[in-house]
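Just a sequence and a predicted model for now, questions to come.
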Amino acid sequence: MTKIYLDNAATTPLSNEVIDAMIETMKINFGNPSSTHSFGQEAKILIENVRRQVADYLHVSPAEIIFTSCGTESNNMIIKSCVEHLGVERIISSPLEHKCVSESILDMKSRKGVEVAYIRPNEKGDIDLSKLEDLLKSSDKKTLVSLMHANNEIGNLIDLKKVAEICKENNALFHSDTVQTMAHMTLDFSDIPVDFASCSAHKFHGPKGIGFAFIRKASGLKGIITGGPQERSLRAGTENVAGIAGLGKALELSLKNMEEYSSHMQNIKEYTVERLSEEIPGVKFNGRSSELNNSLYTVVSVLLPFKNPLIGLQLDMKGIAVSQGSACSSGASKPSMVMMMVLSEEEMDHCTPLRVSFSHLTTKNEIDALVDALKEISKDFVIENTNVEHR
């Protein structure tokens, strides 16, 4: 059975060039980067070259790039250190955030008494920036705003520069989870006054277990993992040299091919929306995921007009990998918070969400196979909810 992978928002397959770069690093650059001899210093040079490469992409100083194990660690470090070390007393966020952000915020509320305010999205999953301004003006408490650049389930984008400017005007710190957009979009942090951002290499065909945090140099943020001077004393522990090499190669390939890759995925996304609309009567799309200009081009969030909680398993048995939401919510018995925000109760009771996410390797033949499989599965269900309205 030919297997089809359509869950690239969860993780992407490693590029062969990335694997080769990591193998070479493990063979040659095995020294500890903190060692003063040549073996260690060669590993250190590799790390600093990749740090400079990342900084050049974001138009920032290399000193503002801190390597971590993943986006989850980066987000935890930023949010918790803002409270622990920068005196943040209030956090403004949204119910649409990744669990590593939302749970870090709740942890700070529980353990540190931080005030938390949420901006409820509309039925399309959009954040009203006038509500953000109102919240910022309503208190003099030192505030951190944490809003993700692109939602990992419905693909909605925020205007990163506009949010950053609003925060700057109101003396608030701004953190954005950029895991889904890093290396997929052009980001210029010399122009966008974001204070903190996060990245995971495995979202753009790099290895798991490596990412980075962007930390604006003037912020004064301190590390929460102690025990060594690595990563400007912001993240103690021997660096993952092979992982960093893989991240660097994956970033190089993504930036070199960004125009080609993004054009291909936009074409695949448009084709997916067209085929599903034509072949599955009553199908709808969540958030702005069916739009080409207002959402992340790697994701389409589908609402199927029948209730089938086992659809992910059924598709997997046909060799097709998709998800019903964030990978971090896999196995949950209830809809994700994102789905609860954008779907009505009737939709949650009678319909089935499905997330289809692409890479530059995705083909139209694979989308055709998905549509054919969904048509076959849908025959076992009575479709009587074509008039169900979105919230």
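In hand now; what should we look at? Residues are numbered from 1 along each chain as shown.

use CA for all of it now, contacts and neighbours both
OK.

from memory residue 280 sits against residue 373, does it?
No: the criterion here is CA atoms under 8 Å, and residue 280 misses it with residue 373 at 10.9 Å.

ranges for the strands of the stretch 1-150 of the chain?
Here the stretch 1-150 of the chain has its strands, by DSSP state E, counting those that start in this stretch, at 4-5, 65-68, 90-93, 115-118, 143-146.

Tabulate these (CSV), appending mean neighbour count.
Below are these laid out as CSV (neighbours: other CA atoms under 10 Å):
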stretch, mean neighbour count
strand 4-5, 20
strand 65-68, 24
strand 90-93, 23
strand 115-118, 16
strand 143-146, 26
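
Minimum distance to residue 205: which of those strands has it?
Across the strands of the stretch 1-150 of the chain, residue 205 has its closest neighbour in strand 4-5 (13.3 Å, CA to CA).

packing partners for that closest one?
strand 320-321 (3 or more CA pairs under 8 Å, 6 or more residues apart in numbering; DSSP states H and E).

can you list contacts of the strand it packs on?
With contact meaning CA atoms under 8 Å, 6 or more residues apart in numbering, strand 320-321 is reached by 3-7, 312, 315, 370.

now do stretch 338-355
Looking at what lies outside stretch 338-355 - CA under 8 Å, 6+ apart - the contacts are 7, 95-97, 120-125, 153-154, 286-287, 299-309, 322-325, 335, 385, 388-391.

Narrow the residues you listed to just the buried residues.
Neighbour counting with 16 or more other CA atoms under 10 Å marks 7, 95-97, 120-121, 124-125, 153-154, 286-287, 299-308, 322-325, 335, 385, 390 as buried within the contacts of stretch 338-355.

So residue 59 sits against residue 192, correct?
No: taking contacts as CA under 8 Å, residue 59 lies outside contact range of residue 192: 10.0 Å.

Let's see the pLDDT reported for the closest residue to residue 137 other than its chain neighbours.
Spatial nearest neighbour of residue 137, excluding adjacent residues (CA to CA, 6 or more residues apart in numbering): residue 170 at 7.0 Å. If you check residue 170, the pLDDT there is 98.

Over to the one 10 residues further on?
With respect to pLDDT, residue 180 scores 98.

Quick check: it vs residue 216, distance?
20 Å (CA to CA, to the nearest Å).

Name the residue in these two with the higher neighbour count.
Shown here are residue 180 and residue 216; by other CA atoms under 10 Å, residue 180 has more neighbours (25 against 19).

just checking, the more buried one is part of a strand?
No: in this structure, residue 180 is coil, not part of a strand, as judged by DSSP: H, G, I helix; E, B strand; the rest coil.

who's in contact with it?
Residue 180 makes contact with 9, 149-152, 199, 203 under the criterion CA under 8 Å, 6+ apart.

Next: residue 29.
39-40, 42-43, 241.

For residue 150, grab the count of nearby residues.
By other CA under 10 Å, neighbour count at residue 150 equals 25.

Residue 100 versus that one, what's the distance?
Residue 150 is 15 Å from residue 100, where distance means CA to CA.

can you check residue 377 too?
34 Å.

With neighbour numbers in mind, choose between those two.
A count of neighbours by other CA under 10 Å puts residue 100 above the other of residue 377 and residue 100, at 17 against 14.

What residue, apart from its backbone neighbours, is nearest the more buried one spatially?
Among residues not flanking residue 100 along the chain, residue 72 sits closest, at 5.5 Å (CA to CA, 6+ apart).

can you check residue 53 too?
Counting by CA to CA, 6+ apart, the residue nearest residue 53 is residue 248, at 7.2 Å.

could you measure the one you found against residue 345, distance?
Here residue 248 is placed at a distance of 44 Å from residue 345 (CA to CA).

which one of those two has more residues nearby?
Using other CA under 10 Å, the more surrounded residue of residue 248 and residue 345 is residue 248, with 25 against 12.

a strand runs through residue 302, doesn't it?
Yes: under three-state DSSP, residue 302 falls within a strand.

Touching, it and residue 285? I think so.
Yes: using CA under 8 Å, residue 302 makes contact with residue 285 at a distance of 4.6 Å.

still on that earlier bit, who wins for proximity to residue 256 among the strands of the stretch 1-150 of the chain?
Closest among the strands of the stretch 1-150 of the chain, using CA to CA: strand 65-68, at 20.6 Å.
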